[in-house]
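Trainee: Give the three-dimensional model of this entry:
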Amino acid sequence: MRAEIDRIDAALVDLIAERFTFVDRAWQLKNDPEEATVPWRIQQVIDRVVARARERNLPPELVEALWRQMIGWFIQYEEENMRHREAENRNNKA
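Mentor: Residues are numbered from 1 along each chain as shown. Sure thing, here's the model as predicted:
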């Protein structure tokens, strides 16, 4: 049983790493840190994963909590990187 849980944990980390590569690319395409937080898009993602959880007989509250935490971390990551890029651009122009 433990080996199966470990296998699933590894697969989850791999999938989050894959998602991270897209988030990492996305912030580079955005111009303003404000673009990292798009409430309608966040809700769209939450609605989709909650519906998927229900289809899989998984507690939707669990999935929503996990995704909100993950999305919050990714938003913070994007905002910090965009602010850092803006600061570098200002310094390079000075």
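
Trainee: any idea how far the one helix or strand residue 84 maps to is from the chain center?
Mentor: Here residue 84 sits within helix 60-93, counting by DSSP states H and E. A distance of 8 Å separates the centroid of the chain from that of helix 60-93, by Cα atoms, centre = their mean, to the nearest Å.

Trainee: same question, stretch 40-51
Mentor: 12 Å.

Trainee: Can you show me the CA trace of it as PDB?
Mentor: Listed next in PDB are the C-alpha coordinates belonging to stretch 40-51 (Å, rounded to 0.1, in the frame of the first residue of the first chain):
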ATOM      1  CA  TRP A  40     -12.800  35.000 -13.500                       C
ATOM      2  CA  ARG A  41     -10.000  32.700 -14.700                       C
ATOM      3  CA  ILE A  42      -9.200  31.500 -11.200                       C
ATOM      4  CA  GLN A  43     -12.900  30.700 -10.600                       C
ATOM      5  CA  GLN A  44     -13.100  28.900 -14.000                       C
ATOM      6  CA  VAL A  45     -10.200  26.700 -13.000                       C
ATOM      7  CA  ILE A  46     -11.700  26.000  -9.500                       C
ATOM      8  CA  ASP A  47     -15.100  25.200 -11.100                       C
ATOM      9  CA  ARG A  48     -13.500  22.800 -13.500                       C
ATOM     10  CA  VAL A  49     -11.400  20.900 -10.900                       C
ATOM     11  CA  VAL A  50     -14.300  20.800  -8.400                       C
ATOM     12  CA  ALA A  51     -16.600  19.200 -11.200                       C
END
